[in-house]
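[1] Sequence first, then the predicted structure:
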Amino acid sequence: MTPLEEVFPVIMRMLVTAGPTREHIDPVRFISNRSTGKMGFAIAQYAAARGHAVTLIAGPVALATPPGVQRVDVVSACDMLAAVEKYLSTCDALVMCAAVADWRPRQVSAGKLKKRNMSPVLELEANPDILKTIRDRKNGRIFVGFAAETGDPRPEGRRKLAEKGLDLLVANDVAQPDAGFAVDTNRVTLLTADGEENALPLLSKLEVAEQIVAWMERTTRRAVPT
């Protein structure tokens, strides 16, 4: 990126998702995951500081809204899909950083289930895959996805990159204590649709956000007629 590009980026309208989803069993219990939203919030924070217009769709997290960011709070995967569908037409780029639950209980009780009456077997059904659901509505937008794996994340990252029609896939090994959930650092590999691969060193999540947003700015700038 040239000095002028650093000062005057092409301004994007960005839609960022972050955090986990909760899939309720009853008003007290739910299925979820270890995501804290830190990576997605860092992307929203850095992008807004660069002057981009950012809408942040956040699952249940204990994080403050970054300055200049419009925040939309959701709970379940279906809630998040509805919010993404609502705001997709207003954005130039989607960064799908949220750790969306793959499954939800088939039945949700309106009242707290008593332990003595609960079955030891919980019947589940699949949640919608948000990126696959909206793939046909990409319409020239930049789509960025994430793959949180254990072990080498690149093979699964490449599969997701192709299957979901992404431009960039950010892959990391969450089994590493300094690059997984609930920490302020991350070690990721950036995989692009045109076959590029960039393994970044251990960085703060804000520094990782800088790398992701810079890639998006370069990609957008190449697409703007000169």
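    The structure has been received and is ready for your questions.
[2] the helices in the protein, which residues?
    For the chain, the helices defined by DSSP state H occupy 3-7, 38-49, 77-88, 130-134, 154-163, 205-223.
[3] Show me the strands in the protein, by range?
    13-18, 23-24, 30-31, 53-58, 70-73, 93-96, 103-105, 124-126, 142-149, 168-173, 185-186, 188-192, 197-199, 203-204 (DSSP state E).
[4] Show me the strands paired with the second one, marking each as parallel or antiparallel.
    This points to strand 23-24. Strand 23-24 has the following sheet partners, assigned by DSSP bridges: strand 30-31 (antiparallel).
[5] Could you do the fifth one as well?
    Strand 70-73 has the following strand partners under DSSP bridges: strand 53-58 (parallel).
[6] from the chain's centre, how far out does the partner strand sit?
    11 Å (C-alpha atoms, centre = their mean, to the nearest Å).
[7] mind checking how far the residue nearest the centre of the chain is from residue 105?
    For the chain, the residue nearest the mean C-alpha position is residue 97 (1.0 Å; C-alpha atoms, centre = their mean). Distance, residue 97 to residue 105, by C-beta to C-beta, to the nearest Å: 25 Å. C-beta: built from backbone N, CA, C; applies to glycine.
[8] go on, residue 61?
    For residue 61, the distance to residue 105 equals 22 Å [C-beta to C-beta].
[9] what's the answer for residue 177, then?
    To residue 105, residue 177 is 31 Å away according to C-beta to C-beta.
[10] What of residue 136?
    In terms of C-beta to C-beta, residue 136 sits 29 Å off from residue 105.
[11] Please identify which of these two sits among more neighbours.
    residue 105 (17 against 8; other C-beta atoms under 10 Å).
[12] In this structure that one contacts residue 123, no?
    Yes. Using C-beta atoms under 8 Å, residue 105 is in contact with residue 123, at 7.1 Å.
[13] how deep is the closest residue to residue 40 other than its chain neighbours tucked in, by neighbour count?
    Closest residue in space to residue 40, ignoring its immediate chain neighbours: residue 18 at 2.3 Å, by C-beta to C-beta, 6 or more residues apart in numbering. By other C-beta under 10 Å, 27 other residues sit near residue 18.
[14] does residue 18 really touch residue 98, like I thought?
    Yes. Using C-beta under 8 Å, residue 18 and residue 98 qualify as a contacting pair, with a distance of 5.5 Å.
[15] what's the burial count for residue 192?
    15.
[16] quick one: the closest residue to it other than its chain neighbours from residue 212, how far?
    Once flanking residues are discounted, residue 192 sits nearest to residue 168: 5.6 Å by C-beta to C-beta, 6+ apart. The gap separating residue 168 from residue 212 is 7 Å, by C-beta to C-beta.
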